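[1] give me the fold of what follows.
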Amino acid sequence: MSALDEQKSAARKEAFARRKLAHAMCIGSEGALLSSLLAGYRGVPLAGYMPIRTEIDPLAAMEEAVAHGLVGVPVIQGAAQPLKFSRWEPDCVLRDGPFGAKVPFEDNFFDPEILIVPLVAFDAHGGRLGYGGGFYDRTLKLLRDKRPTLAIGFAYATQMAECLPLESTDQPLDMMVTELDVLSF
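    Below is the predicted model:
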């Protein structure tokens, strides 16, 4: 394991602990700022995610967005491959996907222009530390090479880190939304 890999592993461990504590104190309105922000992008195709473990839940904001446009969730195609995004609606039939995330039973893929991005940690400059598979980094690069794509991180405020061990392939966030604040980079 390289020194950078060890630094990332330690940063993830610390951030997971902070996220677990924040998740235990959820009151159910953590997505209010995300909903408000997305209201300004009505009709723009977007992708959220199905929360797993202690991730902050974007589903209420996604449900509101469905009324105004196309909403999807990520579908993992395989290791070292970019994500695809399948159309999602609140009552659609779901199946188990990799890593415990649910995905639509029927794939109806599209390219979103806005991604609500889950994460383990973030910094004040738009840096994002994910789970380590590189799925969102690969996907954001691919989408951004085609056209402007807005990456909105969504996490608990306690997941913010002073400094993250990042590398050149890590795609930056354009905005960060927590239960307390919206940051633009």
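[2] okay, now residue 10: neighbour count?
    11 (other C-beta atoms under 10 Å). C-beta here means a position set from N, CA and C on the backbone, and glycine is covered the same way.
[3] and it, what are its phi and psi?
    With angles defined as degrees, to the nearest 10, residue 10 sits at phi -60, psi -40.
[4] what about it, distance to residue 145?
    32 Å (C-beta to C-beta, to the nearest Å).
[5] got it, and residue 2?
    Distance from residue 2 to residue 145, by C-beta to C-beta: 27 Å.
[6] how close does the residue nearest to the spatial centre of the chain sit to residue 1?
    Compute the mean C-alpha point of the chain, and by C-alpha atoms, centre = their mean the closest residue is residue 117, 1.6 Å away. Using C-beta to C-beta, one gets 25 Å for the distance from residue 117 to residue 1.
[7] before we move on, the earlier item: can you pull the pLDDT of the residue nearest to the centre of the chain?
    Note on residue 117: pLDDT of 97.
[8] which stretches of this structure form strands?
    46-47, 71-75, 84-87, 94-96, 102-104, 109-110, 114-117, 121-122, 128-129, 150-154, 175-177, 182-184 (DSSP state E).
[9] relative to residue 19, which of those is closest?
    Residue 19 lies closest, by C-beta to C-beta, to one member of the strands of the chain: strand 121-122, at 8.4 Å.
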